[in-house]
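1. Below: sequence and its predicted model.
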Amino acid sequence: MNRRTFLLTPAVAAGALQSQTKPTASPAPRSVPARRSYDLNRNWRYGGKAPAGFAAPAFDDSKWERVTLPHANVRLPWHSFEEADFQFVSAYRRHFHAPATWQGKRVFVDFAGAMTAAKVTVNGYEFPEYRGGYTPFSFEITSHFHIGGDNVIAVAVDSTERKDIPPFGENIDYLTFGGIYRNVSLRVVPATFIENVHARVLRPLEANREISVRCYLNGPVAPGTQINAELRDGDRVLKSAITVAGGEAAYHEVTLDSLGAVELWEPKRPKLYSIVVKMAGDEYRTRIGIREAKFTAEGFKLNGATLKLRGLNRHQTFPYLGGAMPERVQRRDAWILRRDLHCNIVRTSHYPQATSFLDACDELGLLVFEETPGWQFVGDRPWQDVVVRNVGEMIRRDWNHPSIILWGVRVNESGDHHDLYTRTNTLAHSLDDTRQTGGVRYNYNSELLEDVFTMNDFGFPLRPPNHPLYLNTEFNGHMFSTKRFDNVTRVAEHVTRHARVHNQLAGDSKYAGGLGWCAFDYNTHKNFGSGDHICYHGVSDIFRIPKPAAYFYKSQCDPDEEIVLEAGLFWSSGDRSTAGGVGEVPILSNCDHLKIYYDGKLREELDPDRKTYPNLKYPPFILTKFGNIPLNPWGDLRIEGFLKGSLVKTLTLSGSGRDADFKLLPDDTELSGDGRDATRVVFMVTDEYGNIRPFATGGIAFTLTGPAELIGENPFGLAGGAGAVWVKSRETSGVARLTAKHPYLGTKAVEIRVKAAEREML
Ligand code: GAL
């Protein structure tokens, strides 16, 4: 590498620069105009199944539907659809005008993701097909656009299960769906520009910590080119340094050292900084966190302290639209996992997920194990080449996210493949020497080429760690499909299965922790799951509504974060598989003592079940009192939760057997009027105390007025007493009003304000 680095404090930066550098071929980097990036998510035309010749510039698309991105090639019922319905080649077109300011600039079109292969044509020029549904791709259109007049980007998106593209080849246990389901933008940059920046924090815990900012340029630079990197806290520049570069190099490095006091990134205080890199005519910004994440023989350590990893696997798909949900909805999943279920880690099973999801993980302090696309199958050499390429694309896209602590460089649960996994590990380590690798397997005796042995172990008890660095990446999978509205024995057993595994993991420091299978129910092929195209292995249902097992995770946080008191059961006396009565049922709480009142009288006092769960900080409480005998009279159960002798929370479960109320609960009451934004609205039938009635049925009829669109079934036939639709903004402002009518519990309404959004520039 050809470089000289000068370290500057912000106050003296400009002056020092002049004194230390000779006149250069390129202007000083301080006054550079930033690159321009234009959103290209609105004003697309969608033609459904691709008609012949649709990529020709003159093709008449005026009758095509006008759509925004993210977009699903077809809308589907939430279950029991035909999986072939989304497997076709669809056609998209986007017209744009190129402003005169683009003269002499280089222009790229950037796709964040299209499922599963895309042929992009610009003004009739066809680029090579991009293969891969989970990774971003770009094409340079500099010599294909014209200033003045119409330009057309046409995209043929192949959403069939192409055997040449991971994860396909054989059967997989999830659906991929179709369409341009992530964002698209146009990027205008100078001739020499910054392609990527990798900010590596070295020795983060030591006083001499430094940030090595690797600047990847698109090609050789003129001798004397100055590259300036800054560490910023909000707008405040904390440190600035310049490297004088020249010629060709894999990357040019700017070192930011003597950083002084910094705040570390950690789950409870996920402090984020930004890095700004400037080079003549170009500027690149990224966010970072300063933390040390390391798997060791004594478990996982974050910033030097052991942190037992407790989390869940997440598929990125949603009802009705597959993966095509906007930022707000992606981010909500991270919020649910971190703030509601109090997990500290998520695995992006089994592929790189939306960057908006990862951004939210950074902001919320949710650690991430991210992995390359694939499921159990390894194809021929060209297929393997795609895996290697995907690993590189994943790491280059995401290497600055502090939340990511491990790269998954093996196809989930694939057999050993020495050659392929030597390639992926070597690549991962060469691109990013600050993170360890993992590779998820279910074969306990498989070859370890990665740093961490990441193992799906579905039995109980779990096998002992057979490698020094050991993480359980899935448990409770195949064997225990549980619907939110299964009978009480099953939902209670579902809770127990998650609790007992985390108890075992907590009892041995050699386990770094574990991630249960899985966070949310997901759509799958007909030969997996419950026969309705859903795999019900989530601790929450497909609408992200918790099952009792979710409350086990929720209850594991400290009370200063949230006081939790939830029932791991439905209150019933005759719903068990094998006997009458209430039986032994779990209550999930981080209180230290519970009092149980029934029929107005104190019946039982409970302490956490430390005998069964000695290693959990907050073991479940087990209600045993009511045994096998049906209670008569049958009535409400009141549970009082205490902390150090004070009553801190009360939960009452109705014994009335009556659907008492109907609720309509939006996640947000304000959306952007960009025609892309959306929010979930949950509806539920409850008892008098607000608990979902798990067997409530009925058709819910929706009416939506104002500048929004309903994503979901209407009427919605309730299953399990609850469900959700999403309200998506239209490209205008006003107040959207959603009303939902239950057959006998009346009508509820919510208002969602849709704020005017700026129009897209192009
Ligand atoms: C695992 C697999 C997951 C899911 C799960 C279901 O083996 O890794 O993707 O299929 O089983 O039980």
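-> All right, it came through fine.
2. Show me which residues of the protein sit near the ligand.
-> 173, 349, 412-413, 456, 474, 477-478, 517, 537 (Cβ under 6 Å from any ligand atom). C-beta coordinates here come from the backbone N, C-alpha and C atoms, glycine included.
3. Ala241 contacts Leu256, correct?
-> Yes - the criterion here is Cβ atoms under 8 Å, and Ala241 meets it with Leu256 at 5.4 Å.
4. May I see the ChimeraX selection of the buried members of the residues of the chain next to the ligand?
-> Here the buried members of those are turned into a ChimeraX selection, burial being counted by 16 or more other Cβ atoms under 10 Å:
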select :173,349,412,413,456,474,477,517,537
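5. and Ser540, how far is that from Leu647?
-> 29 Å (Cβ to Cβ, to the nearest Å).
6. With neighbour numbers in mind, choose between the two.
-> When Ser540 and Leu647 are compared for neighbours, Ser540 comes out ahead with 23 against 12, by other Cβ atoms under 10 Å.
7. what pairs with the more buried one across the strands?
-> According to DSSP bridges, the partner residues bridging Ser540 are Phe520, Pro546.
8. Now do the same contact list for it.
-> Ser540 sits next to 336, 341, 519-521, 546-547, 550 when contact means Cβ atoms under 8 Å, 6 or more residues apart in numbering.
9. Please report how far it lies from the ligand.
-> According to Cβ to the nearest ligand atom, to the nearest Å, Ser540 and the ligand sit 15 Å apart.
10. returning to what we had before: mind picking the two most distant members of the contacts of Ser540?
-> Using Cβ to Cβ, the two most remote members of these are Leu341 and Asp521, lying 14.5 Å apart.
11. These two: who's more crowded?
-> Counted by other Cβ under 10 Å, Leu341 and Asp521 do not tie: Asp521 has more neighbours, with 30 against 25.
12. residues contacting the more buried one?
-> Going by Cβ under 8 Å, 6+ apart, Asp521 touches 534-538, 540-542.
13. secondary structure class for the residue of the stretch 151-300 of the chain found nearest the ligand?
-> The minimum distance from the stretch 151-300 of the chain to the ligand, using Cβ to the nearest ligand atom, falls at Asp173 (3.5 Å). Look at Asp173: counting by DSSP: H, G, I helix; E, B strand; the rest coil, its state is coil.
14. Return the per-residue confidence for it.
-> Looking at Asp173, its pLDDT is 96.
15. go on, Gly365?
-> 98.
16. Would you check that it makes contact with Leu264?
-> No - using Cβ under 8 Å, Gly365 makes no contact with Leu264, being 11.2 Å away.
17. count of residues packed around the closest residue to Leu449 other than its chain neighbours?
-> Spatial nearest neighbour of Leu449, excluding adjacent residues (Cβ to Cβ, 6 or more residues apart in numbering): Tyr421 at 4.6 Å. Tyr421 is flanked by 25 other residues according to other Cβ under 10 Å.
18. wait, doesn't Tyr421 sit right on Arg410?
-> Yes - with contact defined as Cβ under 8 Å, Tyr421 reaches Arg410; the gap is 5.5 Å.
19. which residues do those two both contact?
-> 439, 449-450.
20. Which parts of this protein are helices?
-> Along the chain, counting by DSSP state H, helices occupy 13-20, 327-335, 355-364, 381-398, 418-431, 488-506, 548-554.
21. worst average pLDDT in those helices?
-> Looking at those, the bottom one is helix 13-20 with a mean of 28.
22. who's in contact with Tyr511?
-> 299, 308, 462, 465, 470-472, 504-505.
23. same thing but 6 Å
-> 465, 505 (Cβ atoms under 6 Å, 6 or more residues apart in numbering).
24. give me the residue from the stretch 1-150 of the chain nearest the ligand.
-> Tyr134 (14.6 Å).
25. what's around that residue, how many residues?
-> So Tyr134, with other Cβ under 10 Å, has 25 neighbours.
26. Tell me if I'm right that it and Pro352 touch.
-> Yes - using Cβ atoms under 6 Å, Tyr134 is in contact with Pro352, at 5.0 Å.
27. what about the strands in the stretch 501-650 of the chain?
-> 511-516, 522-523, 534-535, 565-567, 585-589, 593-598, 601-606, 621-623, 637-643, 646-653 (DSSP state E, counting those that start in this stretch).
28. Save those strands as CSV, and put in mean pLDDT too.
-> Shown next, in CSV, are those (pLDDT from 0 to 100):
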stretch, mean pLDDT
strand 511-516, 98
strand 522-523, 98
strand 534-535, 97
strand 565-567, 97
strand 585-589, 95
strand 593-598, 95
strand 601-606, 93
strand 621-623, 95
strand 637-643, 97
strand 646-653, 98
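29. Serialize those strands to CSV and add fields for distance to Ala112.
-> Putting the strands of the stretch 501-650 of the chain into CSV (distance: least, Cβ to Cβ, whole Å) gives the following:
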stretch, distance to Ala112
strand 511-516, 25
strand 522-523, 21
strand 534-535, 26
strand 565-567, 37
strand 585-589, 38
strand 593-598, 48
strand 601-606, 50
strand 621-623, 45
strand 637-643, 44
strand 646-653, 42
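30. Was I right to think Gly581 contacts Lys625?
-> No - Gly581 is beyond contact range of Lys625, at 10.2 Å (criterion: Cβ under 6 Å).
31. so where is this protein shaky, pLDDT-wise?
-> By pLDDT under 70, the low-scoring segments of the chain are 1-34, 477-478.
32. mind redoing it with 90?
-> For the chain, the stretches flagged by pLDDT under 90 are 1-35, 148-149, 280-281, 476-479, 568-570, 573-574, 576-585, 599-600, 624-634, 719.
33. can you list the domains in it?
-> Listed domain ranges for the chain are 10-188, 193-293, 306-554, 579-653, 661-756 (source: automatic domain parsing).
34. most packed of the ones you listed?
-> Highest mean neighbour count among those (mean count of other Cβ atoms under 10 Å): domain 306-554, with a mean of 22.
35. Figure out the length between the terminal residues of that domain.
-> By Cα to Cα, to the nearest Å, the extent of domain 306-554 from end to end equals 20 Å.
36. Stretch 558-575 now?
-> 33 Å.
37. quick one: buried residues of that stretch?
-> Across stretch 558-575, burial judged by 16+ other Cβ under 10 Å covers 559, 563-573, 575.
38. between these, which is nearest Arg500?
-> Gly568 (12.7 Å).
39. Touching, the closest one and Thr496? I think so.
-> No - in this structure, Gly568 is not within contact of Thr496 by Cβ under 6 Å, at 8.1 Å.
40. Let me have the buried residues of stretch 558-575 in TSV, adding distance to Lys271 as columns.
-> TSV is the format used below for those (distance: Cβ to Cβ, whole Å):
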residue	distance to Lys271
Pro559	24
Ile563	26
Val564	26
Leu565	31
Glu566	31
Ala567	37
Gly568	35
Leu569	40
Phe570	42
Trp571	43
Ser572	47
Ser573	51
Asp575	48
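41. for those, which one is nearest the ligand?
-> Distances from the ligand to these, taken by Cβ to the nearest ligand atom, are shortest for Gly568, at 21.4 Å.
42. How about the contacts made by the closest one?
-> Gly568 touches 492, 495, 548, 586, 588, counting by Cβ under 6 Å, 6+ apart.
43. if I pick the residue nearest to it when sequence neighbours are not counted, what's in contact with it?
-> Nearest residue to Gly568 in three dimensions, chain neighbours excluded: Pro586, at 3.6 Å (Cβ to Cβ, 6+ apart). Neighbour list for Pro586: 492, 495, 568, 620, 622 [criterion: Cβ under 6 Å, 6+ apart].
44. ok, the second one touching Pro546?
-> No - using Cβ under 6 Å as the test, Val495 is too far from Pro546 to be in contact (11.0 Å).
45. What are the phi and psi values at the nearest residue to Glu292 once chain neighbours are set aside?
-> The shortest distance from Glu292 to any non-neighbouring residue, by Cβ to Cβ, 6+ apart, is to Pro204 (4.5 Å). The phi and psi values for Pro204, taken as degrees, to the nearest 10, are phi -60, psi -30.
46. Could you find the residue in the stretch 601-750 of the chain that comes nearest to the ligand?
-> For the stretch 601-750 of the chain, Cβ to the nearest ligand atom, closest residue to the ligand: Gly720, 20.6 Å.
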